[in-house]
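**Student:** Below: sequence and its predicted model.
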Amino acid sequence: MSNFRGESMEIKAVARIDDRTKNLVKRIKPGEIAIIDHTDLDHVAADSLCKARIKMVINASPSISGRYPNPGPSMLLKEGIAILDNVGKSIFEKVRDGDLIEIRDNQVWKDGELVAEGEYLEANAVNLRLREIRKNLGSELDKFLHNTLEYAVKEKELILGTLSLPEVDTVFEDRPVMMVVRGQNYREDLTIVKSYIDDVNPVLVGVDGGADALLEFGYRPDVIIGDMDSVSDAALKSGAEIIVHAYTDGRAPGMERIKALGLEAKVFPAPGTSEDIAMLLAYEKGADLIVAVGTHSNMIDFLEKGRKGMGSTFLVRLKVGSILVDARGVSKIYQGRVKLRYLLQVSLAGIVTIGVVLFQTDWSRNMMRTFWLQLKILLGF
């Protein structure tokens, strides 16, 4: 990991500024500076910033609040991306998107004026802080469990089957479904299951930005379901069937965007997360298998999403568990890299086997003797 403590920093670059990191990464270019307002910088946000190959991050808020061990800062530091932390929200009033700014040590300057200053995060200190936070997760877990059970009672219609499902054109009956969420390690896991997609041809369901993940791997989603806040226009225009996740009272803010694009969509009013209702839709429509990539399924995931409990997810997974295969993290178990020495060992074994088989016949033994004699004559021994 890089260590930024004590280093003299002098950087001049274009700044991209947005209080929603997922919006910023759509337009930031390599070598630019990201100015964000992201308390407890999470894995997905950090991964997208790393992939954008930015020069550094300036965060208006604390990247680590101490509430839970969020991995985002460690990921950025490991990639050599400096983090100037907790500079204050006033930077959003003094810097505009596209401004040229200068970093002098821990200060931010624009047009010769000091606009903000903060503290650099340092890798060893971050790791020590995260270890301390993990030791004190007990109280946070207690609150999370309480909220989960409370939400489960409120959202029990998910498990009792009293929700009104939308009529869809996509056929799920007796078909496998691949449901993709743009969550932790989704790229690595999609790489591993790509051969499964090619062989089985499942129904491809993109949950919000998961639709873009499918396009990234060369697949067109059959269904896009979600709030429509993190999926691209290109994905929405790909020809997929669109289902907007609405509040239980029927309000569907995502429909405004769909209509603005001149597209049509169904509405699915339901509590819980979009990935929950995507699983539920596939299950209720008769899917014989649901393979989930990148989904959120534990306390840290939900704290990163800003949710205080996972009642709906707990209930949905109870209901669909018999046909659910969670592919999340499969890339950590199986690294699909074939080492050269393994190829050489397999090749050598094959050659030896062929040689043994061939030497069992008279003609092959005579051929080998003739070859050996000619080799001796050629080499002069």
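**Tutor:** Structure received.

**Student:** the strands in the stretch 101-250 of the chain, which residues?
**Tutor:** 107-110, 113-117, 119-120, 176-181, 203-207, 223-226, 241-246 (DSSP state E, counting those that start in this stretch).

**Student:** Can I get the ones you listed in a markdown table including mean pLDDT?
**Tutor:** Formatted as a markdown table, those follow (pLDDT from 0 to 100):
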| stretch | mean pLDDT |
| --- | --- |
| strand 107-110 | 96 |
| strand 113-117 | 95 |
| strand 119-120 | 96 |
| strand 176-181 | 95 |
| strand 203-207 | 97 |
| strand 223-226 | 97 |
| strand 241-246 | 96 |
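
**Student:** so which of the ones you listed gets nearest R53?
**Tutor:** Closest to R53 of those is strand 119-120 (C-beta to C-beta; 19.8 Å). No exception for glycine: its C-beta is placed from N, CA and C like everyone else's.

**Student:** The closest one pairs with which strands, parallel or anti?
**Tutor:** strand 82-85 (antiparallel) (DSSP bridges).

**Student:** What is the neighbour count of M255?
**Tutor:** Using other C-beta atoms under 10 Å, M255 has 18 neighbouring residues.

**Student:** ditto for K143
**Tutor:** 12.

**Student:** Kindly give the local confidence score, pLDDT, for it.
**Tutor:** Per-residue confidence at K143 stands at 79 (pLDDT).

**Student:** Residues touching the strand ranked longest in the chain, excluding its own?
**Tutor:** If you go by DSSP state E, the chain has its longest strand at strand 10-17. For strand 10-17, contacts defined as C-beta atoms under 8 Å, 6 or more residues apart in numbering pick out 24, 27-29, 31-36, 55-56, 58, 91-92, 95-105.

**Student:** Give me the buried entries from these.
**Tutor:** Buried residues within the contacts of strand 10-17, counting neighbours by 16 or more other C-beta atoms under 10 Å: 24, 28, 32-36, 55-56, 58, 91-92, 95, 99, 101-103.

**Student:** Select from the residues you listed every entry located in helices.
**Tutor:** Mapping the buried ones among the contacts of strand 10-17 onto helices (DSSP state H) picks out 24, 91-92.

**Student:** possible to save those as JSON lines with pLDDT and distance to F268?
**Tutor:** As requested, these are exported to JSON lines (pLDDT from 0 to 100; distance: C-beta to C-beta, whole Å):
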{"residue": "L24", "pLDDT": "93", "distance to F268": "29"}
{"residue": "I91", "pLDDT": "96", "distance to F268": "39"}
{"residue": "F92", "pLDDT": "96", "distance to F268": "35"}
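
**Student:** and of these, the nearest to E264?
**Tutor:** Out of those, the member with the shortest distance to E264 (by C-beta to C-beta) is L24, at 30.0 Å.

**Student:** tell me, what residue is most central in the protein?
**Tutor:** Nearest to the mean C-alpha position of the chain, counting by C-alpha atoms, centre = their mean, stands G183 at 3.0 Å.

**Student:** still on that earlier bit, do you know which of the strands of the stretch 101-250 of the chain lies nearest A282?
**Tutor:** strand 176-181 (4.4 Å).

**Student:** who does that closest one touch, helix- and strand-wise?
**Tutor:** Using 3 or more C-beta pairs under 8 Å, 6 or more residues apart in numbering; DSSP states H and E, the elements in contact with strand 176-181 are helix 186-200, strand 203-207, helix 210-216, helix 274-284, strand 289-293.
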